[in-house]
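**Q** need the 3D shape of this:
(chains A and B)
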Amino acid sequence: MSIDLREPPPSIQNHFVVETKDLTKRYGKILALDRASFTISSGCTGLLGPNGAGKSTLIKLLLGLLTPDQGEATIEGHDVKTQPMEVRRLVGYMPEIDCLPNDWLAQDFVRYMGELHGLPTRVAIQRASDTLYHVGLGEERYRAIGGFSTGMKQRVKLAQALVHDPRIMLLDEPTNGLDPAGRDEMLALIGRITHEMEINVILSSHLLIDIERVADSVVILNNGRVIAQGALRELMTATPAVTVRTRTPSAALVEALRKRGYSVEANGDEVQVEYRSEDVYDAIRDAAVETRAAIVHLKRRVLSLEDIYLAGQEGSPAGALQNGHAAGMTGGTR
Amino acid sequence: MIEHAGETTKVNNGARIIDRGYQHYQGIRLDMNHSLWVMFWAALKRGLGLRRSFRNKIAPWLLIAIAFLPPVVILGVQIVFGVRASSPYTRIYPRIDVVFILFAGLVAPDLICADRRERVISLYFSAPITRLHYIASQVASLVLLMLLITLVPYVILFFGQGLLSPAFSTFVSDNLSDLWHVLITGAVLAFYFGTLAMAVAAFTDRRAYATGGFLGLVLVSGIAGGVLSRLHFSGHEWFSLVDIFNMPINMMRWLFGQTTAIERNGTVTQLLPLDGSVYLWGSLAVIVICLALVGWRYLKVRDA
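**A** Model prediction:
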């Protein structure tokens, strides 16, 4: 029997690659995932959180390796609980742990994984060579994996996840144990997989910089709860403040803006003005003219992923927004 | 170096090497039966040490060679000296038994322990296969490898003797019961020691512990069963079932009708403390229990 993977199932009614609702998983008394609800669209999505946040549990739930205690999740319209085999055909998985057989040749192992995912033998042999070439191991593919460096092993793990041409790749901490150069190369590869190979990637990491570099959107987890999710660009630019810097500290400017009804925070020569609409720029101009303040810098504040992450950790996303620490977060956890 | 899609390298004679870039796969994808076959075939090759270092080939091929030695010698003697050994199976099996045990004890851990120790099963289980598919393929491949030493040499011996006899068809029809008994004995021995070794190996991820544990279990049970069944108390003969080393051999003796032995002083010794069918059922029970243990263990085993 053959299965056509490229034909999307008729049950898909939306463009979401992954959709979860109230996904919950407990290990005894430990709540690993707490009613996680989020959606992931196509592209590269970062799954961000500290160690123990529930990232690996979430990935295993999405693969159908674990059964949720509550809630549901779908991948391309396939329920992970009731259709785990269909889900695994669609997905390529690169675990965080060291999990390669040392006495296998890289080519043999990647071919074997391709065959396990349903590729006919001849195709698996060809694709194993091609995939190892794409991850930069073309010359080393007939060497035993046990003699590989950490970076090369990570590439083999990536190749075995890619060999069967999945629609989605779940990469669990792919830069773990890599030196800076290796990390750069791995992130570049992930970027290529998303944009050149057009395969959706869910990249789990505790490294903000990795996510910031390659992800289009992000789901942030902490203590098993989703604390923020959304498109990275929106999260980082939907700032509720405008930064104004003057040549000298200007209390008069602060006062003038407050009189106009804006919430303002001053810190030396830098003033953060609450952003409600584009009208704020007119108000700042008028206040500066009125108080003869010399503006040297005026910019809508762009957050780093770290700001968003820290704000989510501090408390509710709404509260963080109010405090001006973060913006644009939409809590997916009820 | 990773080249990008569409890059072209010009070489002599107008030929070009074109990097096609990443190609999506649009062809057929086979179902779980294909995966099962792939795992089974890979385990077979692994068990024989194929595509592995020379060190991994030594033990299995040496034991296979030893298992083939008795039939080769018997047939060789018959060819050279014209002396035909009559129904030699009851003499060979109890002596070659230890080769079967060693083979199972060495190959079973090789098939499943490394996958858990190196945590490769976390990758296997992310493929569209179930845990039972995985373990079924490993058990099946070990049983097939066991059949290579418990059955194939003796089938060759049977038909070899037939070909060397004056009339092949007469030999086969006269000794057909031997052939059936060889088939049953070979199959039971393969399943018995194969599943037993798998059951022990399923409880550790260290090859040395699995091999040692299996050999220790067989040895200790053999000693315990032998001692207990010879003590004089009511029902002592049932303790012969504790002897998992000799249980399938006792079954084989019963199948071939060798339930007594004549000592040098002429006394007749009962070889089987219990009715022979008990050993057949006992062997089958051990196989079922071991399969259940392996299945249970792999449903519980952590995948990462």
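**Q** check contacts around B:Leu164.
**A** For B:Leu164, the contacting residues are B:75, B:78-79, B:84, by CB atoms under 8 Å, 6 or more residues apart in numbering or on different chains. No exception for glycine: its C-beta is placed from N, CA and C like everyone else's.
**Q** nope, A:Leu100 is what I meant
**A** A:Leu100 makes contact with A:109, A:145, A:153, A:156-157, B:118, B:120, B:123, according to CB under 8 Å, 6+ apart.
**Q** follow-up on the earlier one: may I see the contacts of B:Leu164 organised as CSV, with neighbour count and distance to B:Val242 added?
**A** What follows is the contacts of B:Leu164, written out as CSV (neighbours: other CB atoms under 10 Å in any protein chain shown; distance: CB to CB, whole Å):
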residue, neighbour count, distance to B:Val242
B:Leu75, 18, 37
B:Gln78, 17, 39
B:Ile79, 11, 43
B:Arg84, 14, 38
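**Q** just the ones of the residues you listed in strands?
**A** The subset of the contacts of B:Leu164 located in strands under the criterion DSSP state E is empty.
**Q** circling back to that earlier point, buried among the contacts of A:Leu100? Make that a ChimeraX selection.
**A** Buried subset of these, written as a ChimeraX selection, criterion 16 or more other CB atoms under 10 Å in any protein chain shown:
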select /A:109,145,153,156,157 /B:118,120,123
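**Q** just the contacts of A:Leu100 now: which is nearest A:Gly138?
**A** The shortest gap between A:Gly138 and any of these belongs to A:Val156, at 12.4 Å (CB to CB).
**Q** and the closest one, helix, strand or coil?
**A** Following DSSP: H, G, I helix; E, B strand; the rest coil, we place A:Val156 in the helix state.
**Q** on the three-state scheme, the spatially most central residue of chain A is what?
**A** Nearest to the geometric centre of chain A sits A:Gly46, at 0.6 Å (CA atoms, centre = their mean). Judged by three-state DSSP, the three-state class of A:Gly46 is strand.
**Q** bridged to it, which residues?
**A** Following DSSP bridges, A:Gly46 is listed with bridge partners A:Leu203, A:Val218.
**Q** wait, it sits on A:Ala231?
**A** No - applying CB atoms under 8 Å, one finds A:Gly46 not in contact with A:Ala231, separated by 11.1 Å.
**Q** now do the shared contacts for those two.
**A** Taking CB under 8 Å, 6+ apart as the contact criterion, the common neighbours of A:Gly46 and A:Ala231 are A:Ser217.
**Q** now the longest helix along chain A - C-alpha only, CSV.
**A** Scanning chain A for the helix with the most residues, using DSSP state H, yields helix A:180-195. Extracted in CSV, the C-alpha atoms of helix A:180-195 (Å, rounded to 0.1, in the frame of the first residue of the first chain):
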residue,chain,number,x,y,z
PRO,A,180,29.8,29.2,18.0
ALA,A,181,30.9,28.3,14.5
GLY,A,182,28.9,25.0,14.6
ARG,A,183,25.9,26.9,15.9
ASP,A,184,26.0,29.4,13.1
GLU,A,185,26.2,26.7,10.6
MET,A,186,23.3,24.8,12.2
LEU,A,187,21.1,27.9,12.3
ALA,A,188,22.0,28.7,8.7
LEU,A,189,20.9,25.1,7.8
ILE,A,190,17.6,25.6,9.6
GLY,A,191,17.1,28.8,7.7
ARG,A,192,17.7,27.0,4.4
ILE,A,193,15.3,24.2,5.4
THR,A,194,12.6,26.8,6.1
HIS,A,195,13.1,29.2,3.2
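**Q** for that helix, name the packing helices and strands.
**A** Helix A:180-195 makes packing contacts with strand A:44-48, helix A:150-162, strand A:200-205, helix A:208-214 when contacts are defined by 3 or more CB pairs under 8 Å, 6 or more residues apart in numbering or on different chains; DSSP states H and E.
**Q** deepest-packed of the ones you listed, please.
**A** Using mean count of other CB atoms under 10 Å in any protein chain shown, the stretch among those with the largest mean neighbour count is strand A:44-48, at a mean of 28.
**Q** and the pLDDT at B:Tyr89?
**A** At B:Tyr89, the pLDDT value in this model is 85.
**Q** count the neighbours of it for me.
**A** Close neighbours of B:Tyr89, defined as other CB atoms under 10 Å in any protein chain shown, add up to 22.
**Q** for chain A, tell me whether the helix or strand B:Ser283 falls within is touching it.
**A** Using DSSP states H and E, B:Ser283 falls within helix B:276-300. No - using CB under 8 Å from any CB of the partner chain, helix B:276-300 stays clear of chain A, with a minimum separation of 12.5 Å.
**Q** for that helix, what is the average pLDDT?
**A** Average pLDDT, helix B:276-300: 92.
**Q** so for stretch A:215-232, what gets flagged as buried?
**A** Neighbour counts over stretch A:215-232 (16+ other CB under 10 Å) mark A:215-222, A:224-232 as buried.
**Q** among the residues you listed, which are in helices?
**A** A:Leu232.
**Q** hmm, back to that, same list (the helices and strands packed on helix A:180-195) but as JSON lines, adding distance to A:Trp104.
**A** Compiled in JSON lines, these are given as follows (distance: least, CB to CB, whole Å):
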{"stretch": "strand A:44-48", "distance to A:Trp104": "29"}
{"stretch": "helix A:150-162", "distance to A:Trp104": "9"}
{"stretch": "strand A:200-205", "distance to A:Trp104": "25"}
{"stretch": "helix A:208-214", "distance to A:Trp104": "28"}
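**Q** right, I'll leave it there.
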